[in-house]
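Q: Here is a sequence together with a model predicted from it:
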Amino acid sequence: MHELNLVDVQKRYKEKDAVIGFTFTFTNGVYGLLGENGAGKTTLMRLICGILQPTNGSITCDNIRISDMGAEYRQLLGYLPQNFGYYGDFTAVRFLNYMAALKALPRDYAKGRVEELLELVDLKDVKNKKLKTYSGGMLQRIGIAQALLNEADILILDEPTAGLDPKERVRFRNIISSLGKKRIVLLSTHIVSDIEYIADCILMMKNGELIRQGTENEVIADVQGYVWKCVVPECEVQGLNEKYVVSNLRNSGENVELRIVSDIQPMKNAEITEATLEDAYLYYTQVLGGKNNAVV
Ligand SMILES: Nc1ncnc2c1ncn2[C@@H]1O[C@H](COP(=O)(O)OP(=O)(O)OP(=O)(O)O)[C@@H](O)[C@H]1O
């Protein structure tokens, strides 16, 4: 088991601090990195993969700087970038063998490993079909398979659930949960439901900073008491929407049922309701330092 340690990591692009003071220790398990577009997730992942160098701070694996580990570190690493390029005319088998060759894996080993991985990601039956005929979900699974070719102990997946349909999401979750038992799996998304239930630890990023970390239950517990349900006439919805963070709304007869995340009661008849991870995410990214929560 490896320990990946980030201490006060900063990445500055010219004028822009994309990652600021990021300190965290990863051990085996599934980590869900949540943040809006531009929060710094991709930059953080590229730093962890050694593709980018931090402007400040250190990243070590088992107490050795990853920049000093070179090939040894790359052997531990599996990476699925956000815009992963596929060769449409390659079949799945050919593509994975090609990626194995790029990773300099011995040919005999690669052959067996490719078959194992096709089984793992449930693409064995279509392994001889060209990738251009694959659905988005199937391509993402091939992306995960290529990241695992070298039996990576540290698996970094950048927005791996983008474009997956609900059935594919379930399948994806099952694969990730099983992978997290034996390695570090870090996956980024801005869709909360993608990491609900599968992440052992949630990391929330905003403007380059790690603003909250913890188990799903811990993160949700923070906002118990801050999530309200109220039923209002439709004409009041817009005003409330401008003033508060509305996490959900549903028509209920002539009225609208609103779910509001706020640290003060938004209106007299609002009742506290059970919080979810989505509410916690909205609280940290939008309520804190966001919309004003002045008393109505
Ligand atoms: N090469 C670069 N040069 C300058 N600024 C950059 C560069 N790459 C990213 N940024 C900026 O750094 C910030 C963080 O970007 P990053 O891509 O890491 O965020 P993200 O959370 O992964 O967002 P997304 O989900 O859209 O990929 C953004 O403001 C982005 O515009």
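A: Done, it's in.
Q: May I have the phi/psi pair for Lys229?
A: phi -120, psi 130 (degrees, to the nearest 10).
Q: oh, I was asking about Gln82
A: Residue torsions, per degrees, to the nearest 10, at Gln82 are phi -60, psi -50.
Q: Against which helices or strands is the lowest-mean-pLDDT helix or strand in the chain packed?
A: For the chain, counting by mean pLDDT, DSSP states H and E, helix 166-179 ranks last in confidence among helices and strands (a mean of 83). Helix 166-179 is packed against strand 29-34, helix 136-147, strand 184-189, with contacts defined by 3 or more Cβ pairs under 8 Å, 6 or more residues apart in numbering; DSSP states H and E. Any C-beta I mention is one placed from the backbone N, CA and C, and that applies to glycine too.
Q: Need the CA coordinates for the helix or strand following the last one. CSV is fine.
A: For strand 184-189, the following helix or strand on the C-terminal side (DSSP states H and E) is strand 201-206. Extracted in CSV, the C-alpha atoms of strand 201-206 (Å, rounded to 0.1, in the frame of the first residue of the first chain):
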residue,chain,number,x,y,z
CYS,A,201,-13.7,10.3,1.0
ILE,A,202,-15.1,13.4,-0.6
LEU,A,203,-12.7,16.3,-1.5
MET,A,204,-14.4,19.6,-2.5
MET,A,205,-12.4,22.1,-4.4
LYS,A,206,-13.3,25.7,-5.0
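Q: who's in contact with strand 201-206?
A: 24, 29-36, 39-41, 44, 195, 210-216, 219, 277, 281, 284-285 (Cβ atoms under 8 Å, 6 or more residues apart in numbering).
Q: Stretch 89-103 too?
A: Outside stretch 89-103, the residues that touch it by Cβ under 8 Å, 6+ apart are 86-87, 107, 110-111, 113-114, 117-118, 123, 126-132, 134, 142, 145-146, 149-150.
Q: One more: stretch 67-85?
A: Under the criterion Cβ under 8 Å, 6+ apart, residues 2, 42, 45, 49-50, 53, 59, 61, 66, 139-140, 143-144, 146-150, 152-160, 162 lie in contact with stretch 67-85.
Q: Now do the end-to-end distance for it.
A: This stretch, stretch 67-85, spans 26 Å end to end (Cα to Cα, to the nearest Å).
Q: And stretch 213-226, by the same measure?
A: 19 Å.
Q: which parts of it are buried?
A: Gln213, Glu216, Val219, Ile220, Val223, Tyr226 (16 or more other Cβ atoms under 10 Å).
Q: hang on, the second one packs against Ile198?
A: No. Under the criterion of Cβ atoms under 8 Å, Glu216 makes no contact with Ile198, lying 9.5 Å away.
Q: Could you list the residues of the protein in contact with the ligand?
A: Neighbours of the ligand within the chain, by Cβ under 6 Å from any ligand atom: Tyr13, Lys16, Ala18, Gly35, Asn37, Gly38, Ala39, Gly40, Lys41, Thr42, Thr43, Gln82.
Q: Please type out the PyMOL selection for whichever of those residues turn out to be buried.
A: The buried residues among these can be selected in PyMOL (16+ other Cβ under 10 Å) with this line:
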select buried, resi 18+35+39+40+41+42+43
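Q: who does the residue nearest the centre of the chain bridge with?
A: For the chain, the residue sitting closest to the mean C-alpha position, by Cα atoms, centre = their mean, is Ser188 at 2.0 Å. Beta-bridge partners recorded for Ser188 (DSSP bridges): Leu33, Asp158.
Q: how close does it get to Val223?
A: Computed as Cβ to Cβ, to the nearest Å, the Ser188 to Val223 distance reads 22 Å.
Q: likewise Phe95?
A: Phe95 is 43 Å from Val223, by Cβ to Cβ.
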